[in-house]
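Trainee: Predicted model and sequence below, questions to follow.
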Amino acid sequence: MASSLYSRISHCIAGPCRASLFALLIAGNAHAIQLRWASGSTDITVMQESRVVLVVAADSAEGRLPNEWRLQWTADSLGIQFLPFEQACLVDTAKVDSIASPSTPADSAANQLTARFCSSSENGVALAYYLVNLRAGGHGKLKVVALDPADPDSAAVIESNEVTFNGGIGGVYAPAVLRVTSDHSTIILRVEAIGTDLTGVQGMSLSAPELQADVRLNMESLSSSHASGSASIAVPLPTSTVLIEGSEGVVASSQVPADEVVAMEVPDEAFFRDPDYPAAYPKDFAFINAPTPVDGVWINQFHIFYIRSWRDGRADALNEVAFGHAWSRDLIHWSYTANSLDAFHANTSDVTAWDHSHVWAPSIVQFGTKFLMFYTGVALNGDQTIGYATADSIYTTSPSTAWSRRASPSHSPPFTDNTWVSQNHPWQFRDPYVMPDPQNPTSQFLMFYTAKTEVDSGYAVGVARSFPNDPTRWTDLSYYPTTNIAHTFIGRLESPHVFPDSINRAPARNLFATWRLMFTMGDWDFPDSTRIVFFETKVTGTDITDRTASHWSTTPTNLYDYLHLTSASPEYGHQASEMLNIGGTYFWAGFDGADIRFRRVGWDGNQFWLTNVGQIVGVDGLVTPKATRLALAGMNPSRGATQFRIELPSRMRTTLMIYDVMGRRLRSLADREIPPGATEVMWDGRDQGGAAVGTGMYFARMVAAGKSQVVRVPLVR
């Protein structure tokens, strides 16, 4: 039976009886979609393993099948197997060209597979064919469901008639979701699933790598064709998959699109000052962009949490016991409340608490839908350790109730894996800087911190890596030898942070990046009390956690010398610095006993500067050009180096690329906003991968303000 039936339908599909088959299928027009076996019947009996054809057809009123539909079936343990056809595509007819097996056991239990159809029609098809293997003695039933093609954006669902084999089987179909809609115009996310047989849905959740863990939705309504749920999510949602939980397990459904965040324009420089200044001023701080919805649109919202230090003569036990909190959309206009100025307080009510006396140096990261604030806690005996608190949202006018602190520190000297740290009381283990791990940015963090060493009682920078999706557990990776007192001559080294160059910020470019490790001289006595921020530079080709001494500069670079700053520069004397990433643009910031000052960072390859501070290498600032211009500024044939001069009338997005004579792009020298005036950019004669190019003619192309300019670059090796 199997071979003769398959032969007849194969012959029919090729053309001679296709019209009569279509007429047979649409007779008795009870459903918008007709489902039949190739024989025209709705039930088929198989006495042995058989290969048969299942036909899906549009009725005469529709004329065309929907663009998408779902074939549902349920069968006994003998099951059903679907196969691809081996024939060519047909006009006005779709056939299964290939089949992807279920990707998970739950998908298999729910009979979820992906069938790819082949058709040469451009206007939809009237017929579709499945090639099916049925086993002798098996029983099952099938149907087709789809969104109403007349209104695919509605909740209307159409179903075909049901077909069976060997008389069918009892039981229900697994839930089928045909369409998912979402609304996250407030911090309450609402998700609506539309499909069939949804009364069996037991739960809904969202899944995405960035969420760390699936987010469970609270079920709000449920019917055969409709299921909806909601959850409070106070962060922009990444592209997420809706998971439907049924009696057979969890099945992946449609995706919810990522929230779009509208970025506010931010200035090149800005500052924040405590409202009680000069009695109170900000010290070490954390900065984070936590967008929030305003009138249905997600907009950037910048937050500062900082140590509130008082000069009003209060006792030490009453000073630096709280973090202040302020927020802004543009870094210029800051908001705060009386509550927010005491956003997080030391645990002064518990004399045994690890953070009883003081809280210092916050560092905030987003972890799934929550926020983690790592900070230094000082115990009654003076021990300094690192722990964290969590919050579902940091945009609140009463933040003191938003944070939930951990009862014990997550990082302290007695850990067996950081024996390099001095174990003597009072412990000196502080100033965390936490960031996503470039090797696994969606689930792990790196923590940089300072601690007193066991060897010489000086300070050094250590680094630890969190367990995947678990910020409560960390592996200490030891310390950077080039940061100890023998190399830095800094007795109390504080406030470490790291940042890559502008070209290699993506995690995939981690090994190619020039990383800087920046820190502050906390004892203020060498070499100059107003020149106290230093950094070390890592060679390329190694991970940021590589602590090999030869892979780092052995002598720290003074930031102020590097930037050519003088005592008249606004940033001179700032300390406890942070490098802040705002939508791919970096800002450097620090405090000076009066305010926290922000300054946009400019880049030329892996070299950086602070924009508009006066003595900036490559920007003369004396004459503002009237038009854009690209010119050769100098060449060094012996080194294969070429210097270009970019002149701009105003700040604008500018690209500068190197091409060979075949028009192939070899190197990107600039792709960023460049300030007005003249900027010099160097090309070292190497391609994007770092290999030296050969002797020949090359071309530099600059695009700015919609205009393109090209200069020729002869290179002789």
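Mentor: Perfect, thanks for sending it.

Trainee: which helices and strands sit right next to the helix or strand harbouring E220?
Mentor: In the assignment (DSSP states H and E), E220 maps to strand 215-222. Helices and strands touching strand 215-222, by 3 or more C-beta pairs under 8 Å, 6 or more residues apart in numbering; DSSP states H and E, are strand 188-196, strand 203-207, strand 226-232. Just so you know, the C-beta spots here come from the backbone N, C-alpha and C atoms, and that holds for glycine as well.

Trainee: buried sites along the second one?
Mentor: Taking 16 or more other C-beta atoms under 10 Å as the neighbour-count basis, strand 203-207 is seen to contain the buried residues M204, S205, L206.

Trainee: Over to the last one?
Mentor: By neighbour count, and taking 16+ other C-beta under 10 Å as the criterion, the buried residues in strand 226-232 are H226, A227, S228, G229, S230, A231.

Trainee: Let me know whether W683 touches L669 as I believe.
Mentor: Yes. At 5.8 Å, W683 and L669 qualify as touching, with contact defined as C-beta atoms under 8 Å.

Trainee: Can you pull the phi/psi pair for the spatially most central residue of the chain?
Mentor: Nearest to the geometric centre of the chain sits E210, at 6.0 Å (C-alpha atoms, centre = their mean). With angles defined as degrees, to the nearest 10, E210 sits at phi -70, psi -20.

Trainee: Excluding chain neighbours, what is closest to it?
Mentor: Using C-beta to C-beta, 6 or more residues apart in numbering and skipping residues adjacent in sequence, the residue nearest E210 is P238, 4.3 Å away.

Trainee: How about N161?
Mentor: That would be H31: by C-beta to C-beta, 6+ apart, it lies 5.2 Å from N161.

Trainee: I'd assumed A58 was in contact with the one you found.
Mentor: No. H31 is not in contact with A58 according to C-beta under 8 Å; the separation is 9.9 Å.

Trainee: what's the first-to-last distance across stretch 660-676?
Mentor: 29 Å (C-alpha to C-alpha, to the nearest Å).

Trainee: For the stretch 51-200 of the chain, give me the ranges with low pLDDT.
Mentor: 87-88, 90-92, 100-110, 112-114, 116, 119-123, 152-154 (pLDDT under 70).

Trainee: if we go to 50?
Mentor: Counting by pLDDT under 50, the stretch 51-200 of the chain shows no low-confidence range.

Trainee: In contact with V539, which residues are there?
Mentor: T514, H551, W552 (C-beta atoms under 8 Å, 6 or more residues apart in numbering).

Trainee: ok, now how distant is the second one from D543?
Mentor: Relative to D543, H551 is positioned 10 Å away (criterion: C-beta to C-beta, to the nearest Å).

Trainee: ok, how many other residues are close to the residue lying closest to G387 once chain neighbours are set aside?
Mentor: Nearest residue to G387, sequence neighbours excluded (C-beta to C-beta, 6+ apart): P409, at 3.9 Å. Applying other C-beta atoms under 10 Å, we find 22 residues neighbouring P409.

Trainee: i'd like the first residue to be 40 from this point on
Mentor: I'll keep to 40 as the first residue from here, and by that count the last item is P448.

Trainee: P448 touches A418, doesn't it?
Mentor: No. Using C-beta under 8 Å, P448 is not in contact with A418; the gap is 9.2 Å.

Trainee: between the two, what contacts are shared?
Mentor: Common neighbours of P448 and A418 (C-beta under 8 Å, 6+ apart) are W393, D394, T424.

Trainee: Nothing else from me, thank you.
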